[in-house]
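Asks: show me the folded form of this:
(one chain, ligands or ions: 1)
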Amino acid sequence: MSSNLYPSFGILLVDDEASFLRSFSLMLESQAGINHLYQCQDSRDVMQTIAREPIGLVLLDLTMPHLSGEALLRQIVEQHPEIGVIVVSGLNQLETAVHCMRLGAHDYFIKTTEESRLLDGIQRAIRMQEMRLENLEMRRRFLSDTLDRPEIFADIVTQDKGMRSVFQYLEVISASSQPVLISGESGTGKEAIARAIHALSGRSGPMVSVNVAGLDDGIFADTLFGHKRGAFTGADKARAGMIDQASGGTLLLDEIGDLSLASQIKLLRLLQEGEYYPLGSDRPKRIHARVLVATHHNLERKQRDGSFRKDLYYRLCTHQVELPPLRQRQGDLPLLLDYFLAEAAEELGRNKPTVPKELPTLLRHYTFPGNIRELRALCFDALSRHQGGVLSMEVFRRVIGRDTATTDPTAESDAPLFAADRPLPSLQEVADLLVAEAMKRAQGNQSLASRLLGISQPALSKRLKKSQSS
Ligand SMILES: Nc1ncnc2c1ncn2[C@@H]1O[C@H](COP(=O)(O)OP(=O)(O)OP(=O)(O)O)[C@@H](O)[C@H]1O
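Replies: Reported below is the predicted structural model:
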């Protein structure tokens, strides 16, 4: 089955009029890009088709020879409660509509309904069906704790449970056509995750990334939608936009939290209608790419404070993934060190060095504002200075020293360090507490603890001996 079918499940059109089936299929494909379609003109074949094909939604006529639509509706609801049914009938009778809904139909449309309303209803049913299938799949994955395609995540090194759940979730939503919102601090691997989503989707087209931060509205429209020749002064040639270039594949809009409000409206329209106009053209084009968006901002907060449109936020957040910062997945440090040092060794044509045992412990004390990208850069830096044997920790120490030197313990909180109504501890007591905490954080390693405290190792050793003897 081609992976560019939309939706991922089949939609069965049932009607006794061949001409209606033809025009309905054409309309669904040209107006909404719905191309995973099956047709049935003889009502007696419907149940067999459902048993044979991966049908998720049935668009059902009511008045047909042999079996009526109502009889079929009853059978489908009873035998395949997982399949959605929308009735599309010539009968404009309220009682019939109410009756069908009571029997279990999702929706009821008369054939003369305005095209856009009919399409809206069908798209709504597709989204509901996609979510229902995802929920079922999530439950299955949760119970079996498996990955179907672990090879797709081979470049994302982790043993973190949270990241593994993210992988499982991505496998579940890979077939969906809905956007995915990927958030996380800079360097946490958002683009790597986008590449995995693209690979999982099996789409044959390319993945195209656009950084939309700081693009003014005109440039945003031109970049995404492209233009016709003569659309504006200087447009001496027609140019395809990124949406066109990503056709059949995936479009990643990076730094979406920095998109201007004017461009947010354009993006919303694109996602809602699945159509866009190249600049200077009055003929709409359909988007044939799945949209992924990434940001280091908290979009929920941004929509609350009014700097990001609510409607766009809700459109984007059906599927979302939040990547934890590296400091919250410290268990990955040894694996990542190993991975990046091997990568650097290969790239620099060196032997992979031995990693000092204390290095992961040392790195646990660093906040890694640049996350995995920063760790990778540190590994490359350390290896380029490496002379052979055990890797020197100097490069890492320098950065960590800078970090702790600039750490102001009161910077993040206004809370007083000492309760105003309690006597102050003595200097000796505070010093003992600090020493104990540093030893705890350094997991008993005196050399590391002394660095955390900013004193020499002999000085720390002396203090420890003194407090043990007192
Ligand atoms: N878990 C991981 N294992 C191995 N490499 C990783 C992992 N996560 C990220 N990387 C690497 O770290 C670097 C930064 O990752 P990436 O560009 O995906 O981050 P990002 O969150 O998109 O950053 P930004 O927000 O700055 O665009 C890349 O070289 C990527 O391949």
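Asks: ok now stretch 343-355, how far from the chain's centre?
Replies: Centroid separation between stretch 343-355 and its chain, computed with Cα atoms, centre = their mean, to the nearest Å, is 32 Å.
Asks: quick one: residues in contact with it.
Replies: The contact list for stretch 343-355 (Cβ atoms under 8 Å, 6 or more residues apart in numbering) reads 334, 337-338, 341-342, 376, 379-380, 383-384, 386, 388-391. Every residue, glycine included, has its C-beta placed from N, CA and C.
Asks: which of those residues sits closest to residue 199?
Replies: Nearest to residue 199 among these: residue 376, at 20.9 Å, using Cβ to Cβ.
Asks: against residue 382, how distant is that closest one?
Replies: 11 Å (Cβ to Cβ, to the nearest Å).
Asks: between those two, which one's more packed in?
Replies: Counted by other Cβ atoms under 10 Å, residue 376 and residue 382 do not tie: residue 382 has more neighbours, with 22 against 19.
Asks: pLDDT score assigned to that one?
Replies: Note on residue 382: pLDDT of 89.
Asks: show me what the host helix or strand of it is in contact with.
Replies: In this structure, residue 382 sits in helix 371-385 according to DSSP states H and E. If you take Cβ under 8 Å, 6+ apart as the criterion, helix 371-385 is touched by 184-189, 325-326, 333, 336-337, 340-341, 343-345, 347-348, 350, 353, 363, 368, 370, 391-392, 394-396, 399.
Asks: next, the buried residues of it.
Replies: Of all the residues in helix 371-385, those buried under the rule 16 or more other Cβ atoms under 10 Å are 371, 372, 374, 375, 376, 377, 378, 379, 380, 381, 382, 383.
Asks: among those residues, which are within reach of the ligand?
Replies: Taking Cβ under 6 Å from any ligand atom as the test, the ligand is in contact with 372, 376 out of the buried residues of helix 371-385.
Asks: ok, of the buried residues of helix 371-385, which one's closest to the ligand?
Replies: residue 372 (3.9 Å; Cβ to the nearest ligand atom).
Asks: which residues does the residue in the chain positioned nearest to the ligand contact?
Replies: Going by Cβ to the nearest ligand atom, the ligand is nearest to residue 189 of the chain, at 2.9 Å. By Cβ under 8 Å, 6+ apart, the residues touching residue 189 are 156, 323, 371, 372.
Asks: next one: phi and psi at it?
Replies: Main-chain torsions, residue 189, degrees, to the nearest 10: phi 110, psi 30.
Asks: count of neighbours near residue 294?
Replies: Residues lying near residue 294 (other Cβ under 10 Å) number 25.
Asks: ok, it to residue 164 distance?
Replies: From residue 294 to residue 164 the distance is 20 Å (Cβ to Cβ).
Asks: residue 26 too?
Replies: 44 Å.
Asks: more crowded one of the two?
Replies: Just comparing residue 26 and residue 164: by other Cβ under 10 Å the higher neighbour count belongs to residue 164, 14 against 10.
Asks: SS state for the closest residue to that one other than its chain neighbours?
Replies: Excluding its sequence neighbours, the residue lying closest to residue 164 (Cβ to Cβ, 6 or more residues apart in numbering) is residue 158, at 7.3 Å. Classification of residue 158 using DSSP: H, G, I helix; E, B strand; the rest coil returns coil.
Asks: hmm, residue 158 is touching residue 165, no?
Replies: No - Residue 158 is not in contact with residue 165 according to Cβ atoms under 8 Å; the separation is 11.0 Å.
Asks: the more surrounded of these two?
Replies: With neighbours defined as other Cβ under 10 Å, residue 158 and residue 165 compare such that residue 158 has more, 20 against 15.
Asks: do stretch 295-314 and the ligand meet?
Replies: Yes - shown here: stretch 295-314 in contact with the ligand (Cβ under 6 Å from any ligand atom) through residue 296.
Asks: now for the biggest helix by length in the chain, which elements pack on it?
Replies: Assignment by DSSP state H gives helix 115-144 as the longest helix of the chain. Contacts defined by 3 or more Cβ pairs under 8 Å, 6 or more residues apart in numbering; DSSP states H and E place helix 115-144 against helix 18-32, strand 55-60, strand 84-89, strand 107-110, helix 161-173.
Asks: now do that helix against strand 84-89, angle only.
Replies: In terms of direction (axes from the mean of the first three to the mean of the last three Cα atoms, to 10 degrees), helix 115-144 departs from strand 84-89 by 160 degrees.
Asks: helix 115-144: which residues count as buried?
Replies: Applying 16+ other Cβ under 10 Å to helix 115-144 flags 118-119, 121-123, 125-126, 129-130, 133-134, 137-138, 141 as buried.
Asks: now swap in stretch 317-324 and tell me
Replies: Along stretch 317-324, these residues count as buried under the neighbour rule (16+ other Cβ under 10 Å): 317, 318, 319, 320, 321, 323, 324.
Asks: wait, what's in contact with the nearest residue to residue 334 once chain neighbours are set aside?
Replies: Excluding its sequence neighbours, the residue lying closest to residue 334 (Cβ to Cβ, 6+ apart) is residue 360, at 4.7 Å. Counting by Cβ under 8 Å, 6+ apart, residue 360 makes contact with 330, 333, 334, 337.
Asks: among those residues, who's most crowded?
Replies: Top of the contacts of residue 360 by neighbour count (other Cβ under 10 Å): residue 337, with 22 neighbours.
Asks: returning to what we had before: of all the contacts of residue 189, which two lie farthest apart?
Replies: 156 and 371 (13.0 Å).
Asks: of the buried residues of helix 371-385, closest to residue 247?
Replies: For these, the nearest to residue 247 is residue 372 (31.2 Å; Cβ to Cβ).
Asks: so how far is residue 188 from the closest one?
Replies: Going from residue 372 to residue 188 by Cβ to Cβ gives 6 Å.
Asks: residue 210 now?
Replies: On the measure of Cβ to Cβ, residue 210 and residue 188 end up 20 Å apart.
Asks: then residue 318?
Replies: Shown here: residue 318 relative to residue 188, a distance of 21 Å by Cβ to Cβ.
Asks: now do residue 34
Replies: Separation of residue 34 from residue 188 (Cβ to Cβ): 35 Å.
Asks: more crowded one of these two?
Replies: Regarding residue 34 and residue 188, a neighbour count based on other Cβ under 10 Å identifies residue 188 as having more, with 25 against 22.
Asks: what's the average pLDDT for the longest helix of the chain?
Replies: 85.
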